[in-house]
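**Student:** sequence-free structure coming up:
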């Protein structure tokens with residue numbers, strides 16, 4: 001067996017790691033990541049070997065690297081963004097017609113107590129997020145069902161937990177319909193999206209059950225103790 005070739009870390013590796021850390025910190029503080037990402041790509045372009053020598057040529061090459069990165073991202077993500085945009089437009093059309101309220105209105109009958117409200121709200125959010133993407137689905141589900149859930153005794157924090165765990169958690173991680181997030185992961189791994197989807201469904205189901213179980217347990221405890 002041949003020994004592995006030792007790879008020495010260069011300045012580009014450290015800059016790449018620094019940019020990743022900055023992006024994670026930005027996400028943690030709920031800040032935008034576009035500027036740190038573009039700045040990181042530009043810095044990596046400066047550290048790369050340009051076709052021609054000279055400081056000006058290096059700046060031009062770094063700018064070309066940024067442009068090429070944006071172009072590649074557009075080529076890879078355009079169809080995903082188009083599908084999401086069409087789904088959001090469809091949801092807006094339903095809202096204009098008032099059909100969105102008719103879609104989720106039957107779930108009101110299931111909300112006879114805080115726990116039936118929790119799961120009815122969560123399941124509805126999962127279905128809506130799977131078809132329309134989580135962020136616009138919050139408006140669809142939240143404006144109609146959350147007030148009803150709170151009327152039957154579900155605390156506001158419980159409604160927020162149901163919406164986010166089922167929607168932004170399980171539905172987005174599985175992404176069974178639109179498959180935008182799944183395609184990004186599959187593309188990075190060099191495999192077909194259809195190969196990945198069963199595993200994302202299994203992952204979202206496993207993590208979702210654990211998270212929802214813990215959420216319900218803690219919510220029940222706080223409700224019994226009078227904290228909520």
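**Tutor:** Perfect, I can see it now. Just so it is clear, the model here is predicted, and its values are computed rather than measured. Numbering: from 1, shown residues only.

**Student:** Could you find the closest non-adjacent residue to residue 51?
**Tutor:** Of all residues not flanking residue 51 in the chain, residue 61 sits nearest, at 6.9 Å (C-beta to C-beta, 6 or more residues apart in numbering). The way it works is simple: take the backbone N, C-alpha and C, and place the C-beta from them, glycine included.

**Student:** In contact with residue 166, which residues are there?
**Tutor:** By C-beta atoms under 8 Å, 6 or more residues apart in numbering, residue 166 lies in contact with 121-123, 125-126, 129, 208, 212.

**Student:** hang on, the earlier thing: ok, the residue nearest to residue 51 to residue 36 distance?
**Tutor:** Distance, residue 61 to residue 36, by C-beta to C-beta, to the nearest Å: 21 Å.

**Student:** More neighbours: which of these two?
**Tutor:** Neighbour tally, residue 61 and residue 36, criterion other C-beta atoms under 10 Å: the higher count belongs to residue 36, 20 against 17.

**Student:** Surely that one and residue 20 touch.
**Tutor:** No: distance between residue 36 and residue 20: 9.6 Å, which falls outside the contact criterion (C-beta atoms under 8 Å).

**Student:** ok, back up a step: could you pull up the residues touching the residue nearest to residue 51?
**Tutor:** 45, 48, 50-52.

**Student:** From those residues, keep the buried residues only.
**Tutor:** Buried members of these, scored by 16 or more other C-beta atoms under 10 Å, are 45, 50.

**Student:** Return the member of the contacts of residue 61 nearest to residue 150.
**Tutor:** residue 45 (52.0 Å; C-beta to C-beta).

**Student:** by contact count, what packs against the helix or strand the closest one falls within?
**Tutor:** Residue 45 is part of helix 34-47 when elements are defined by DSSP states H and E. Judged by 3 or more C-beta pairs under 8 Å, 6 or more residues apart in numbering; DSSP states H and E, the packing partners of helix 34-47 are helix 11-28, helix 55-97.

**Student:** That helix vs helix 55-97, what angle?
**Tutor:** Put simply, helix 34-47 runs at 160 degrees to helix 55-97, going by axes from the mean of the first three to the mean of the last three C-alpha atoms, to 10 degrees.

**Student:** of all the helices and strands packed on helix 34-47, which lies closest to residue 160?
**Tutor:** helix 11-28 (19.4 Å).

**Student:** measure the closest residue to residue 65 other than its chain neighbours to residue 115 for me?
**Tutor:** Take residue 65 and drop its neighbours on the chain: the residue closest to it by C-beta to C-beta, 6+ apart is residue 45, 3.3 Å away. Using C-beta to C-beta, one obtains 55 Å as the distance from residue 45 to residue 115.

**Student:** Name the nearest residue to residue 22, sequence neighbours excluded.
**Tutor:** Per C-beta to C-beta, 6+ apart, closest to residue 22 is residue 36, 4.8 Å.

**Student:** got it, and residue 47?
**Tutor:** Using C-beta to C-beta, 6+ apart and skipping residues adjacent in sequence, the residue nearest residue 47 is residue 12, 4.7 Å away.

**Student:** Mind listing what's buried along the helix or strand hosting residue 135?
**Tutor:** Assigned by DSSP H and E, residue 135 belongs to helix 134-151. By 16+ other C-beta under 10 Å, the buried positions in helix 134-151 come out as 134, 136-138, 140-142, 144-146, 148-150.

**Student:** now those as a markdown table including distance to residue 94?
**Tutor:** Formatted as a markdown table, the buried residues of helix 134-151 follow (distance: C-beta to C-beta, whole Å):
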| residue | distance to residue 94 |
| --- | --- |
| 134 | 16 |
| 136 | 11 |
| 137 | 11 |
| 138 | 15 |
| 140 | 8 |
| 141 | 13 |
| 142 | 15 |
| 144 | 12 |
| 145 | 15 |
| 146 | 18 |
| 148 | 19 |
| 149 | 21 |
| 150 | 24 |
